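> Task: produce atomic coordinates for the following.
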Amino acid sequence: MNKKIFICDDDSNIVDMLAMVLREFTDATVLTETDSRKALSRLIEECPDIFIVDLSMPLLSGDQLIKEVRNNVLLNKILIICMSAKLDAKEIAIEAGANIYLPKPFDINDMISAVSKNSNNG
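Numbering: from 1, shown residues only. Okay, the predicted model is just below:
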């Protein structure tokens, strides 16, 4: 089954790079958003299998977004991969409800591995 991956990061370079790599190395459909305020409504509309989110974003932070996803009955089963360069980010991400945390800069193979493991369970 073809999985859907939704990426939300305010850095369009990271979004573009991740989308390109994940499209190349997985059979997933990859959707992206750089405005965290639009992410929740798009998540509800698209119902992805995997949500990759940056922790540090303006206006609506990644941990706030993760909490909203976990509190939404339509979305709360999504695998959430959170990424950040902040020192205390892992604790914040896991506390908010992320399943996996990857520190920035991360090895792209770690991201592919995290996505692929979930995609094979499908």
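
> CA only for contacts and neighbour counts going forward, please
Will do.

> which residue packs closest to residue 57, ignoring adjacent ones?
When the adjacent residues along the chain are set aside, residue 57 lies closest to residue 10, with 5.9 Å between them (CA to CA, 6 or more residues apart in numbering).

> Also residue 28?
residue 3 (4.7 Å).

> can you check residue 27 too?
Spatially, and ignoring its direct neighbours in sequence, residue 27 is nearest to residue 2 (6.1 Å; CA to CA, 6+ apart).

> ok, which stretches of the protein are strands?
Counting by DSSP state E, the chain has strands at residues 4-8, 29-33, 50-54, 79-84, 100-103.

> most tightly surrounded among those?
Among the strands of the chain, ranked by average contacts under mean count of other CA atoms under 10 Å, first place goes to strand 50-54 (a mean of 26).

> can you put the strands of the chain in a markdown table and add mean pLDDT and distance to residue 44?
What follows is the strands of the chain, written out as a markdown table (pLDDT from 0 to 100; distance: least, CA to CA, whole Å):
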| stretch | mean pLDDT | distance to residue 44 |
| --- | --- | --- |
| strand 4-8 | 97 | 11 |
| strand 29-33 | 97 | 13 |
| strand 50-54 | 98 | 12 |
| strand 79-84 | 97 | 14 |
| strand 100-103 | 95 | 21 |
